[in-house]
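Visitor: based on what follows, work out the 3D shape:
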Amino acid sequence: MTDKERLKYAFEQTPSFFQLCSTIRSRRVGRGYRIDSGTEYKHPATGRLVKQQKGPMQFVSKKEPKPLSKLEEALIAWAACGPNGLVAWDISLDGGFHELTWIAGRTTPHPGNSLATDLLIINDQGAFIYKPTTKREKPIEIEGEKDYDKVVRWYEESTTQILDERPDVDHVMRAQGAPNATLMGPYQVNMNSPGTTWFIPLTDAGYLNSALINFMDCWHMYFVDEWNGGRPAGCEKWIGEGKLELASTIAGSEQLIFQTESYPTGMQIQNIRLAAEAMGLGNWVYCGFNPEILFGAMPEISRGLGFHVEAPNPRAPISTGQIKVFGIEGVKEATYVPSPRWKSAEQLVDFWYDEKYGKEGVMNDAPTGYLRAVGAPWKDATRDAILKDPRTRPSPWVKEALTAYIDYCVKNFGQWPVTYNPMQAHFGAVIHNVDEEFYDTYYKAGYVNDRIRNRSKIWHD
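Guide: Now for the predicted structure:
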């Protein structure tokens, strides 16, 4: 089959959603893997010696690893967070309408449509970040066969290589003085193996804080400093009826944003699993790894991905806020102050406002604004009425109040957000070609289905 035929097959002939839900399993043993083997070998990617105890499922794969093709990776990445048109944005103008950041839709939802979670991809060629553009061609991007090849085009255009080899991480990594304490989980013995593709949602959990504009304007919420007697955190000037009325602690509000911005990760992983199941690939989902080591925050153990990492901040009131990982400049950056991109609260809040209301902003009523220059879900008359309605913008005092709040946190704790590291990547999926022999040897019938046994007829040249 050609790739064009494979795309048609993927969209039109793979099992239905409900059929896939009935057979989906984690199939953790792929080509080239070992399990319960009682052997010692050098890890192919890192060169470190891996020792396995002998167990009841003793197995050493006789098959050579078989990497995923570009088309397979493109389909899986698109399923995780690829473009799929324009969101409906069917929210009342009285209901926090201007909280949404973008109108560009993806295959998985994001709180406030922040698009803050992209996809880290690790394979035999190195490490990449898949970050689809916000440009859209029409409300529904893939309407039929003529659109299927967009999946590959988006993958090619939206993927940036950040490392030209697999990162130096494996199951046997240890911290000095702790030889028996695993850093990458006790069950990840085959992690980062040749022939596998490791997909990890990569989240800037600080970016959604642009919703604080709406928290202050529509929710009438303000923040108090629980570490300093519960005093207002820089925003006492605006406390009063009609402006800031409802108090929340700094940690409580940050926990809300952090938790909410973690939801897209699980949705992306489930879509990845379903895509792999549809194509007869094995999927292995886990969070048992140390993301800070992977990022490169502990260079004495591993270079990792080489992300820019700040020195620990001793002024952070709790330990989870001491580390800030910035990321890769111009590719994937975390939102915090002060940072290499935003030195001050004023710079960051100006950026948020420009993104929403500036020359190309979603809510700019000008020919250059997103809704006119790129596209809108509504009919033209509805779009025009929305853009002209004053409720699409926050009250004038909000920008000053939000800047003052972030300034307060920086002056008192040396940073904002105060309690967490915005760069997060703690849940991923390894996708590989399954070694059927392992399951035929040890498992009852049904764990290896026809899509797995016959996938070479469709997916391999």
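Visitor: when you work out contacts or count neighbours from here on, use the C-alpha atoms and nothing else.
Guide: Will do.
Visitor: now do the end-to-end distance for stretch 129-137.
Guide: 23 Å (C-alpha to C-alpha, to the nearest Å).
Visitor: distance from the chain centre to stretch 387-396, please.
Guide: Stretch 387-396 sits 31 Å away from the centroid of its parent chain (C-alpha atoms, centre = their mean, to the nearest Å).
Visitor: touching that stretch from outside, list them.
Guide: Leu93, Asp94, Phe97, His98, Ile213, Asn214, Asp217, Met363, Asn364, Asp365, Ile386 (C-alpha atoms under 8 Å, 6 or more residues apart in numbering).
Visitor: stretch 352-364 too?
Guide: Thr101, Trp102, Ile103, Ser210, Ala366, Thr368, Gly369, Tyr370, Leu371, Leu387, Thr392.
Visitor: buried subset of those residues?
Guide: Neighbour-count burial within these applies to Thr101, Trp102, Ile103, Ser210, Gly369, Tyr370, Leu371, Leu387, Thr392; the criterion is 16 or more other C-alpha atoms under 10 Å.
Visitor: the residues you listed in helices, which ones?
Guide: With helices identified by DSSP state H, the entries of these that belong to them are Tyr370, Leu371, Leu387.
Visitor: ok, the contacts of stretch 352-364 vs Arg6, which is closest?
Guide: Closest approach between those and Arg6, by C-alpha to C-alpha: Ile103, at 30.3 Å.
Visitor: so what pLDDT did that closest one get?
Guide: At Ile103 the predicted local confidence, pLDDT, stands at 94.
Visitor: over to Gly95?
Guide: According to the per-residue confidence, Gly95 scores 74 in pLDDT.
Visitor: for it, give me its contacts.
Guide: With C-alpha under 8 Å, 6+ apart as the criterion, the residues that contact Gly95 are Cys218.
Visitor: for it, helix, strand, or coil?
Guide: On the three-state scheme (DSSP: H, G, I helix; E, B strand; the rest coil), Gly95 is labelled coil.
Visitor: and the residue lying closest to Arg48 once chain neighbours are set aside, its phi and psi?
Guide: Nearest-residue entry for Arg48: Lys42, 5.3 Å, with adjacent residues in sequence omitted and distances by C-alpha to C-alpha, 6 or more residues apart in numbering. With angles defined as degrees, to the nearest 10, Lys42 sits at phi -80, psi 130.
Visitor: Lys42: what's it in contact with?
Guide: Lys42 makes contact with Arg48, Leu49, Val50, according to C-alpha under 8 Å, 6+ apart.
Visitor: for it, give the beta-bridge partners.
Guide: Leu49 (DSSP bridges).
Visitor: quick check: it vs Leu49, distance?
Guide: Counting by C-alpha to C-alpha, the separation of Lys42 from Leu49 is 4 Å.
Visitor: over to Arg372?
Guide: Separation of Arg372 from Leu49 (C-alpha to C-alpha) stands at 58 Å.
Visitor: among these two, which residue is more densely surrounded?
Guide: Shown here are Arg372 and Leu49; by other C-alpha atoms under 10 Å, Arg372 has more neighbours (19 against 13).
Visitor: which residue sits closest to that one, ignoring its sequence neighbours?
Guide: In space, and not counting its chain neighbours, Arg372 is closest to Ala366: 7.2 Å by C-alpha to C-alpha, 6+ apart.
Visitor: test my guess that that neighbour contacts Arg383.
Guide: No: taking C-alpha atoms under 8 Å as the definition, Ala366 is not a contact partner of Arg383, at 11.9 Å.
Visitor: what ranges do the strands span in the stretch 1-150 of the chain?
Guide: Using DSSP state E, counting those that start in this stretch, the strands assigned to the stretch 1-150 of the chain run over residues 34-37, 40-42, 49-51, 54-60, 83-86, 104-106, 117-123, 126-130.
Visitor: to Lys138, which of those lies closest?
Guide: Within the strands of the stretch 1-150 of the chain, the stretch nearest Lys138 is strand 83-86; the backing value is 5.9 Å (C-alpha to C-alpha).
Visitor: how far out from the middle of the chain is that closest one?
Guide: Its chain's C-alpha centre lies 17 Å from the corresponding centre of strand 83-86 when counted by C-alpha atoms, centre = their mean.
Visitor: what helices or strands is it leaning on?
Guide: The helices and strands touching strand 83-86, judged by 3 or more C-alpha pairs under 8 Å, 6 or more residues apart in numbering; DSSP states H and E, are strand 104-106.
Visitor: what about stretch 418-427, average pLDDT?
Guide: Averaged across stretch 418-427, the pLDDT comes to 97.
Visitor: in it, which residues are buried?
Guide: Residues of stretch 418-427 classed as buried by neighbour count (16+ other C-alpha under 10 Å): Val418, Thr419, Tyr420, Asn421, Pro422, Met423, Gln424, Ala425, His426, Phe427.
Visitor: which of these sits closest to Thr196?
Guide: Each of the buried residues of stretch 418-427 was checked against Thr196 using C-alpha to C-alpha; the closest is Phe427, at 16.2 Å.
Visitor: which residues are in contact with the closest one?
Guide: In this structure, Phe427 makes contact with Ile200, Pro201, Thr265, Gly266, Ile269, Val285, Tyr286, Cys287, Gly288, judged by C-alpha under 8 Å, 6+ apart.
Visitor: let me know the pLDDT of the second one.
Guide: What that stands for is Pro201. In this prediction, Pro201 carries a pLDDT score of 98.
Visitor: and it, that one's in a strand?
Guide: Yes: secondary structure of Pro201 (three-state DSSP): part of a strand.
Visitor: from Gly327, how far off is it?
Guide: Distance of Pro201 to Gly327, given as C-alpha to C-alpha: 14 Å.
Visitor: looking at the two, which one has more neighbours?
Guide: Neighbours of Pro201 and Gly327, each counted by other C-alpha under 10 Å, are more numerous for Pro201; the result is 27 against 21.
Visitor: which residues touch the more buried one?
Guide: Counting by C-alpha under 8 Å, 6+ apart, Pro201 makes contact with Thr117, Asp118, Leu119, Leu120, Thr265, Gln268, Ile269, Ala425, His426, Phe427, Gly428.
Visitor: distance of the closest residue in space to the third one that isn't next to it in sequence relative to Gly85?
Guide: If I follow you right, that is Leu119. Once flanking residues are discounted, Leu119 sits nearest to Pro201: 4.5 Å by C-alpha to C-alpha, 6+ apart. Per C-alpha to C-alpha, Pro201 is found 21 Å from Gly85.
Visitor: tell me, how many residues neighbour Thr46?
Guide: Residues contacting Thr46 under the criterion other C-alpha under 10 Å number 16.
Visitor: and for the one 5 residues further on?
Guide: Residue crowding around Lys51 was assessed by other C-alpha under 10 Å; the count is 17.
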